[in-house]
Structure formats: C-alpha cells, structure tokens
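>>> Next input, structure requested:
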Amino acid sequence: MSLILGSVYIGNIDYYSILNQNSVIEIEVFEHFKKQSYRNRSVIHGANGALNLIIPLEKHGNRTKIQDIKIDNSQRWQKLHWRSIESAYRSSPYFEFYEDDLKPFYETEYTSLVEFNAAIQNQVIELLGIEVELTPTRSYEKQEGIDYRVLLSPKKEASSYFTPIIYIQVFSEKNGFLSNLSILDLLFNEGPNAINFLG
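Below is the predicted model:
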C-alpha cells in the first residue's frame, strides 16, 4: 500500500516535505470531511502573526465524503484570500516571481473542494520542482504505521516526526519565526531554493 495523504488547501511545509520524499502518493477522497482540518484551511504569516485562510463550504452532513464537498462561492473568499496573500508576501523576495502562476486560482471559480485543492497543489508541485505521482484513492482504507491523514492536522503537534525548517520570513523581526506554515511562505521567501529545505 502506498502512502496516503489528505486533500489539503495549499498544504504546510511538513506536507510538502512528504511529497518531496516519496515518488508515489495517494490523495484521500473517500474519508468523511473533518472540520478544523487543513482540508479547507491554510495558515500564512501575516503582519500580525499566523493568519488562517479558510475556504467556506456549502452545508453538508457529518458523513459526507470529501470528494462530495462543495465550495460556497456565494462568499467572495477568493478575492479575500488573494488580498491576504498579497498583503503578507508582496514584499517577500519572490512574490512577483510566482504571482502570475498562482493568482489565476483566485480568479477562476471552482465548485469541488477536492478539485480546487488538487489544481493548486499541482501548480505548487511544479513551481517547487517536486517529482511525485499523485493519484486519488479508490476507497477508504486504514493506513498501516503512521497515518498522515490524521497526523497532519492543526489540532496535533507533528514536530516529533519532522525537523523544523528555519528560513528568513517577512515578518520574523516583528513576530518571531513561525514554523510549518503554508508552503507559500517558504516559496515566496526562498524561491527556487525552497525545495532544498524539504529534505
């Protein structure tokens, strides 16, 4: 059985470290949607510290599979998220270098959360230069050993499994270093060198 990761919204650095260190990974699409997870949440480094970007979702039952979760586009979340990203990283060394590759994801409407997550994830993988084959799961199966679908969660501290990655951040002088943020933080601050931080 190959390693299984959850579908996430611009995953954190630990998530992309796993992608970089494996050649084949399955992305879970049959699990029941978990609230307060990275499935529809990303954390960036804003001027006042950690800032949660959360994709609003249409109402659904507790046992709705993540592949059936729909984005609530009645809320202007894309404009808000891009404005937050731009505000946080406009002064970073590589924002302008990647801006045109990422902005279209905040100008095109997506209905499916899984499809949006996959689309932006594929773009980030390409920008980083990660070589990995991603395929959706065909059913829900228990993972032997470490279940990264559960481990990589805002509610759990994963530092015992991962070595913290230190690099220069835009607001580190004001807020100190914030670890394991969205991969965008590393990408905008380190550019083409970002992959060298991923093990």
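>>> Which secondary structure state does residue 192 sit in?
For residue 192, the assignment made with DSSP: H, G, I helix; E, B strand; the rest coil gives helix.
>>> OK, contacts around it?
Counting by CB atoms under 8 Å, 6 or more residues apart in numbering, residue 192 touches residue 129. The C-beta positions use only the backbone N, C-alpha and C, and glycine is treated the same way.
>>> Roughly how far does it sit from residue 198?
13 Å (CB to CB, to the nearest Å).
>>> And for residue 146?
Residue 146 is 18 Å from residue 198, by CB to CB.
>>> higher neighbour count, the two?
residue 198 (20 against 11; other CB atoms under 10 Å).
>>> pLDDT wise, what is that one at?
On pLDDT, residue 198 comes in at 92.
>>> next one: phi and psi at it?
phi -100, psi 10 (degrees, to the nearest 10).
>>> quick one, helices of this protein?
Applying DSSP state H to the chain gives helices spanning 13-20, 77-89, 95-102, 113-128, 148-151, 172-175, 183-190.
>>> Out of these, the one nearest residue 68 is which?
Checking the helices of the chain against residue 68 by CB to CB gives helix 113-128 as the closest, at 8.7 Å.
>>> Which positions in that closest one come out as buried?
113-114, 116-118, 120-121, 123-125, 127-128 (16 or more other CB atoms under 10 Å).
>>> can you state the direction angle for that helix and helix 77-89?
30 degrees (axes from the mean of the first three to the mean of the last three CA atoms, to 10 degrees).
>>> And the lowest-mean-pLDDT helix or strand in the chain, what does it pack against?
The helix or strand of the chain with the poorest confidence is helix 148-151; it has a mean of 74 (mean pLDDT, DSSP states H and E). Counting contacts by 3 or more CB pairs under 8 Å, 6 or more residues apart in numbering; DSSP states H and E, helix 148-151 is packed against strand 3-6.
>>> which outside residues touch the strand it packs on?
15, 18-19, 22, 24-28, 31, 37-39, 66, 137, 141, 143, 147-149, 152.
>>> swap the cut-off to 10 Å and go again
11, 15, 18-19, 21-29, 31, 34, 37-39, 66, 117, 121, 134, 137, 140-143, 145-153 (CB atoms under 10 Å, 6 or more residues apart in numbering).
>>> Over it, what's the mean pLDDT, rounded is fine.
In this model, strand 3-6 has an average pLDDT of 92.
>>> Please apply the same query to stretch 78-88.
For stretch 78-88, mean pLDDT rounds to 98.
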